[in-house]
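Q: what follows is a predicted structure for the sequence shown.
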Amino acid sequence: MVSGNTITRIVSPIISGLRHIFYRPLTIKYPYEKTYNVLESNYRFDPKEGVAYPGYKGRHILYLDKCTGCGACDRACENISEAISMVFGYDVTLRLDSTAYEELKKTGELCRAIQLLIEPFSAELRSFEKDGEIYVLRMNKEPIFNYRCEAVYENLIEDSLKELSKNGWSIELIEYKPVENMKLKISKDDRVIEIGIEKKDFGFRQNKRSIFPAIDYGRCVFCGFCVDACPFNALEMGPSYELTSFEREELFYTPLMLSSKFFETYPPETTWSEKTVMLLRRFK
Amino acid sequence: MSKVIEDRRILRETFTLARMIIFNLRAFLDAEDYKYFKRAYKLVEYAASKPQYVENMYGFRDLHNNMRAMYELLEARSWNPSEEEYAKLSEQVTYTIVRANLIATGVNFRLKRFKA
């Protein structure tokens, strides 16, 4: 015999469950939906008013047109986490004269040397451009950001040059200005390759040296002192907090990456009904 | 090549050396294999023999003294210390890793803040 008490025990959770179907959910579908502490408000500091506007301290936003490259953010970070470094943008170019360019078409020693040089970069052998009598290959698509040209040389060119010098190529430094630019002449017999690292001018009137902050999020503690220190309102912190990466190097955000806006999009697997629900939840 | 590039090369080599010492000492703690300790000791002795490395490593004397003390102890015990001695040795190795890490961080910051 089934008692009335047993039936109640079975039925009451079912009724409770059915009732909850019509409740508004308390959870959200992360990562497709997100909550922000302060909606559409960045953490920023107004130096004239001396007031900090509250906001979520997530990823930084850099306004390139306001930054003067004073380095106040760098100094504020110096004794906290050493995450910010002031960087220049560099372009690396490879120059060949017309005879060397003609020789390049035949797969030979020169071709192998140039392939070795362009290996760490995004350039292709086909992309040489004619500039008067000289053929120029721009090795990088986006500017390479680093704190001095010597570091660009050490990270991207030095290893290839060591390999070339083993194969009998002679290397000579023909032009050098510390931090700003350097030019190297690589030669063997009558074949000459010129490789140059030049500081890029971004053309901002308020920042003639073209020096901007870059942030290593592997080190950043999100204290916001850099935002407080900026006298020109050029740095803010936004609501974006998803900064994970498989590679440590990818956490180094260059000024161009910092200046890009956040954008959100629906993942491809969401249906139209889910999209509508997500959209409606924003206006609750 | 210019003096700046040459100075930076020495600093980078010093940094790599310090990182290799840390790597070997960590491997010793993980694997409890004395070959890593011997390698770390050799690297420290190699650094001590090169004045260009020593002058860039602030706190190197402490690192050197620690490594030498540990090495002498292990040699005196024919690389077979007692349980208690091994426990103390592990503690000292941990301290030495911290010291080597401080040295490496200092060298790294010098590289970053290097003025022409």
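A: That came in fine, so what should we check first?

Q: which bits of chain B sit near chain A?
A: B:M1, B:S2, B:V4, B:I5, B:R8, B:R12, B:F109, B:K112, B:F114, B:A116 (Cβ under 8 Å from any Cβ of the partner chain). To be clear about C-beta, it is placed using only N, CA and C from the backbone, and glycine gets the same treatment.

Q: repeat that with 10 Å
A: Contact residues, chain B versus chain A (Cβ under 10 Å from any Cβ of the partner chain): B:1-5, B:7-9, B:12, B:105, B:108-109, B:111-116.

Q: is stretch A:220-236 anywhere near chain B?
A: No - Stretch A:220-236 does not reach chain B (Cβ under 10 Å from any Cβ); its nearest approach is 15.4 Å.

Q: how far does that stretch stretch from one end to the other?
A: 14 Å (Cα to Cα, to the nearest Å).

Q: now it: how far from the chain's centre is it?
A: Stretch A:220-236 sits 18 Å away from the centroid of its parent chain (Cα atoms, centre = their mean, to the nearest Å).

Q: buried sites along it?
A: A:C220, A:F222, A:G224, A:F225, A:C226, A:V227, A:D228, A:A229, A:C230, A:A234, A:L235, A:E236 (16 or more other Cβ atoms under 10 Å in any protein chain shown).

Q: again with stretch A:60-67
A: For stretch A:60-67, burial by neighbour count (16+ other Cβ under 10 Å) applies to A:H60, A:I61, A:L62, A:L64, A:C67.

Q: same check on stretch A:139-151?
A: Residues A:M139, A:N140, A:P143, A:I144, A:F145, A:N146, A:Y147, A:R148, A:C149, A:E150, A:A151 are the ones in stretch A:139-151 that count as buried (16+ other Cβ under 10 Å).

Q: thought A:V92 was touching the first one, still the case?
A: Yes - counting by Cβ atoms under 10 Å, A:M139 touches A:V92, with 4.2 Å between them.

Q: now do the shared contacts for these two.
A: Here A:M139 and A:V92 share the contacting residues A:L117, A:I118, A:P120, A:F121, A:A123, A:L156, A:I157, A:I195, A:G196, A:I197, scored by Cβ atoms under 10 Å, 6 or more residues apart in numbering or on different chains.

Q: does the third one count as helix, strand or coil?
A: In the three-state summary, A:P120 is assigned as coil, counting by DSSP: H, G, I helix; E, B strand; the rest coil.
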